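Asker: Sequence and predicted structure, then a few things I'm wondering about:
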Amino acid sequence: MILHRCTECDRWIPPGEAVIDDEQVVLCEPCSRLRAQVEARISELCSRPGGMSREDIARDLESFGVDADLVAAAEARMLARGGLVEQS
């Protein structure tokens, strides 16, 4: 049996359990779920009138135990997909 390795946590994943995202990145189910939750929270915070700054978003997610690196990576993915727009 060939195992896949999660690119986020390095956990070995059996073939039927691996999640492949849009960029062909292999994730375990918990990492895939965490990504989705972080992106949903960012969308929720940005949908408020006036939006929120990146620092405020990072601070909010940090209160839930999410690393700033995970927040930055989620923002970059969302910007690349067009899910976020940078304010000028």
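Answerer: Received the coordinates, thanks.
Asker: And for I2, the neighbour number?
Answerer: The local packing of I2 (other CB atoms under 10 Å) involves 5 other residues. For every residue, glycine as well, the C-beta is placed using N, CA and C.
Asker: in a strand, that's where it is, yeah?
Answerer: No. The assignment for I2 by DSSP: H, G, I helix; E, B strand; the rest coil gives coil, which leaves it out of any strand.
Asker: Flag every buried residue along stretch 48-56.
Answerer: M52 (16 or more other CB atoms under 10 Å).
Asker: Then stretch 74-88?
Answerer: Using 16+ other CB under 10 Å as the test for burial, stretch 74-88 gives 74-75, 77-78, 84.
Asker: Take those residues and keep only those in helices.
Answerer: 74-75, 77-78 (DSSP state H).
Asker: Pick the one among those residues closest to F64.
Answerer: Proximity of these to F64 was ranked by CB to CB; the top entry is A74 with 12.8 Å.
Asker: if I pick the residue lying closest to that closest one once chain neighbours are set aside, what's in contact with it?
Answerer: Spatial nearest neighbour of A74, excluding adjacent residues (CB to CB, 6 or more residues apart in numbering): V38 at 4.6 Å. The contact partners of V38, taken as CB atoms under 8 Å, 6 or more residues apart in numbering, are 61, 66, 70-71, 74.
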